[in-house]
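Undergrad: Make a model of this:
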Amino acid sequence: MTDETNSNELENTGLDRYQETMEEFLSAADVRVVYGEPIQHNDTTIIPTAEILCGLGFAVGSGSGTDTGHNPDNPSVGKGSGGGGGGRILSRPVAVVVASPEGVRVEPVFDVTKVALAGLTALGFMVGMTFRMSSKRRALTSVED
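TA: Next up is the predicted model:
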């Protein structure tokens, strides 16, 4: 087996893995993932809903070169390649659809963690801006006529 054959096999394996990963991520955007299985209770049907967030990244690299500076009789030869990737899929409940004889209504799910993080972020921003405005070094210099 030659180096070219090994290289083609590695490329095919990489492409297959990439294809499988992309199919998995695209399946996360399916409507069946966002809306759960309906739950029937007497005359009422409950349908859970979720928010799906996906993030994906890939990178590849390559390199080659020779260095004859240290030993001109036996130059070093370099070669390289690499690649990697990663991703994350997050889901969280956002609402429940309730269908009953009285009608259909959407009941939101209150996420305490998300509200707390938003509040802490806003508080941090306000404290930072207060310190910046009160700092004489950072304040704008006055313009004298």
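Undergrad: C-alpha only now, for contacts and for neighbours.
TA: Noted.
Undergrad: all helices for the chain, in order.
TA: Applying DSSP state H to the chain gives helices spanning 3-27, 31-34, 112-134.
Undergrad: Please tell me how far the spatially most central residue of the chain sits from residue 91.
TA: By C-alpha atoms, centre = their mean, the mean C-alpha position of the chain lies nearest to residue 55, the distance being 2.5 Å. The span separating residue 55 from residue 91 equals 12 Å under the rule C-alpha to C-alpha, to the nearest Å.
Undergrad: Return the most buried member of the helices of the chain.
TA: Of the helices of the chain, the one with the most neighbours on average (mean count of other C-alpha atoms under 10 Å) is helix 31-34, at a mean of 14.
Undergrad: State the mean pLDDT of it.
TA: Along helix 31-34, the predicted local confidence has a mean pLDDT of 77.
Undergrad: before we move on, what about stretch 101-116?
TA: Mean predicted confidence for stretch 101-116 is 91.
Undergrad: And for stretch 39-56?
TA: When pLDDT is averaged over stretch 39-56, the result is 89.
Undergrad: Please spell out which residues along it are buried.
TA: For stretch 39-56, burial by neighbour count (16 or more other C-alpha atoms under 10 Å) applies to 46-50, 52.
Undergrad: can you list contacts of that stretch?
TA: Applying C-alpha atoms under 8 Å, 6 or more residues apart in numbering, the set of residues contacting stretch 39-56 from outside is 25, 28-29, 33-38, 85-101.
Undergrad: Quick check on those: which are buried?
TA: A residue is treated as buried here by neighbour count (16+ other C-alpha under 10 Å); on that basis the buried members of the contacts of stretch 39-56 are 25, 28, 34-35, 93-99.
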